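Asker: how would this look folded up:
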Amino acid sequence: MMRRRDFITLLGGAAAWPLAARAQQRAVPVIGLLSSRSAAVDTPLIAVIRQGLSETDLVEGQNIAIDYRWAEGQYDRLAALAADLVRRQVAVIVTIGGESPALAAKAATTTIPIVFLIGGDPVKSGLVTNLHHPGGNITGIDALLEQLEQKRLELLRELRPGATTIAILVNPKNQPEAESVVSDIQAAARSMGQAIVILNASTIRDIDAAFARLAEMRPDALLVTTDAFFFTRAQQFVVLAARHSIPTLFSRREFAAAGGLMSYGSNADDNYRLAGVYAGRILKGERPGDLPVQLPTKFELVFNLTMVKALGIEVPPTLLARADEVIE
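Answerer: As a prediction, this is how the structure comes out:
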């Protein structure tokens with residue numbers, strides 16, 4: 001027969017079990033993921049980050065947790081979202097969707113490790129002082145998306161030989177990236193003797209208005225610069241470019257896969273996987289300042305033949321032959 005004291009002790013232990021389980025759950029390292037985009041857009045990319053984490057034997061829901069913050073294309077929300085992750089004392093912050101979330105995270109903490117995935121120059125933007133030895137609490141992956149804007153301009157000139165004017169679309173709210181991109185493209189255009197016109201868009205209506213203006217101007221081609229908000233509007237860009245018959249070049253394969261004419265940039269899956277690997281290595285004890293900023297080694301030129309035919313343009317055979325992928 002169980003004595004009353006033993007029964008009370010047993011009840012007390014049983015009541016403590018959920019508390020112990022919750023304490024153990026709280027002990028699981030938490031990654032704070034800060035994105036300037038939305039959950040709907042980033043879902044496939046988050047899957048690739050998880051793949052990178054798994055390469056360091058870390059699995060969400062098992063031995064790590066991920067706390068997500070989405071700015072939904074509103075860059076002015078990033079500072080508050082980064083501060084919230086710091087208040088929650090996450091173990092590491094991973095930022096995606098451009099320099100803005102990385103800069104917001106850096107401004108929010110000097111102690112929590114940060115892994116960024118950006119398209120611009122992390123030294124130029126002030127994220128790190130040295131690519132090989134970042135120092136401090138931050139490192140990451142530079143996808144070289146912005147640095148390739150000159151190459152994209154060259155590709156458009158090759159696509160449209162003798163082009164009189166090439167339009168460039170930027171998001172002025174995405175600072176400091178937009179200012180840097182415009183400066184670099186203007187310098188490249190001057191060196192090529194290419195006339196360009198800069199158009200701005202930071203909302204859905206702005207994109208519609210920009211294409212309405214393009215329809216009046218009739219440039220020979222359009223370069224859509226790298227921007228997290230633009231990435232969320234891929235289908236809008238594809239539809240408008242087709243409607244107004246404007247040959248358009250993008251920075252990400254996803255645009256070409258959605259029906260855009262062509263894209264040129266680094267391999268996104270490689271970049272996001274590396275971000276996951278770096279986060280995992282830091283959680284396993286490595287210091288971010290000792291991990292060199294990773295640069296891509298694989299670049300992809302992609303054409304969508306359906307859009308080529310819809311636009312009624314002829315792609316120079318030498319250019320098409322260099323394509324890494326041709327989407328039928």
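
Asker: buried ones in stretch 303-311?
Answerer: Neighbour-count burial for stretch 303-311 flags Phe303, Asn304, Met307, Val308, Leu311 (criterion: 16 or more other Cβ atoms under 10 Å). Any C-beta I mention is one placed from the backbone N, CA and C, and that applies to glycine too.

Asker: hang on, I meant stretch 218-235
Answerer: 219-234.

Asker: End to end on it, go ahead and measure it.
Answerer: One end of stretch 218-235 sits 21 Å from the other (Cα to Cα, to the nearest Å).

Asker: same for the helix or strand containing Val41, what does it pack against?
Answerer: Assigned by DSSP states H and E, Val41 belongs to helix 39-54. Judged by 3 or more Cβ pairs under 8 Å, 6 or more residues apart in numbering; DSSP states H and E, helix 39-54 is in contact with strand 30-35, strand 65-70, strand 92-96, helix 268-283.

Asker: Most tightly packed of these?
Answerer: When you average the neighbours per residue for each of the helices and strands packed on helix 39-54 (mean count of other Cβ atoms under 10 Å), strand 92-96 leads with a mean of 28.

Asker: Quick one: residues contacting Ala228.
Answerer: Residues in contact with Ala228 (Cβ atoms under 8 Å, 6 or more residues apart in numbering) are Ser35, Ser36, Arg37, Gly73, Gly97, Gly98, Ser100, Asn174.

Asker: still on that earlier bit, same list, the helices and strands packed on helix 39-54, but as JSON lines with mean pLDDT and distance to Ala143 please.
Answerer: JSON lines is the format used below for the helices and strands packed on helix 39-54 (pLDDT from 0 to 100; distance: least, Cβ to Cβ, whole Å):
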{"stretch": "strand 30-35", "mean pLDDT": "98", "distance to Ala143": "14"}
{"stretch": "strand 65-70", "mean pLDDT": "97", "distance to Ala143": "20"}
{"stretch": "strand 92-96", "mean pLDDT": "98", "distance to Ala143": "10"}
{"stretch": "helix 268-283", "mean pLDDT": "96", "distance to Ala143": "5"}
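
Asker: Quick check: Ser35 vs Gln294, distance?
Answerer: Ser35 is 19 Å from Gln294, where distance means Cβ to Cβ, to the nearest Å.

Asker: swap in Ser125?
Answerer: Separation of Ser125 from Gln294 (Cβ to Cβ): 16 Å.

Asker: check contacts around Gln294.
Answerer: Applying Cβ under 8 Å, 6+ apart, we find Gln294 in contact with Gly140, Ile141, Asp142, Leu274, Tyr278.

Asker: so what's it bridging to?
Answerer: Beta bridges link Gln294 to Ile141, judged by DSSP bridges.

Asker: Quick check: buried residues in the one helix or strand Leu85 maps to?
Answerer: Using DSSP H and E, Leu85 sits within helix 78-87. Across helix 78-87, burial judged by 16+ other Cβ under 10 Å covers Leu78, Ala79, Leu81, Ala82, Leu85.

Asker: Quick one: list the elements packing against that helix.
Answerer: Under the contact criterion of 3+ Cβ pairs under 8 Å, 6+ apart, helix 78-87 touches strand 30-35, strand 65-70, strand 92-96, helix 99-108.

Asker: quick one: the longest one to strand 65-70, angle?
Answerer: Taking axes from the mean of the first three to the mean of the last three Cα atoms, to 10 degrees, one finds that helix 99-108 is oriented at 120 degrees with respect to strand 65-70.

Asker: helix or strand right after helix 99-108?
Answerer: strand 114-118.

Asker: Averaged pLDDT, that next one. What do you get?
Answerer: Taken as a whole, strand 114-118 carries a mean pLDDT of 97.
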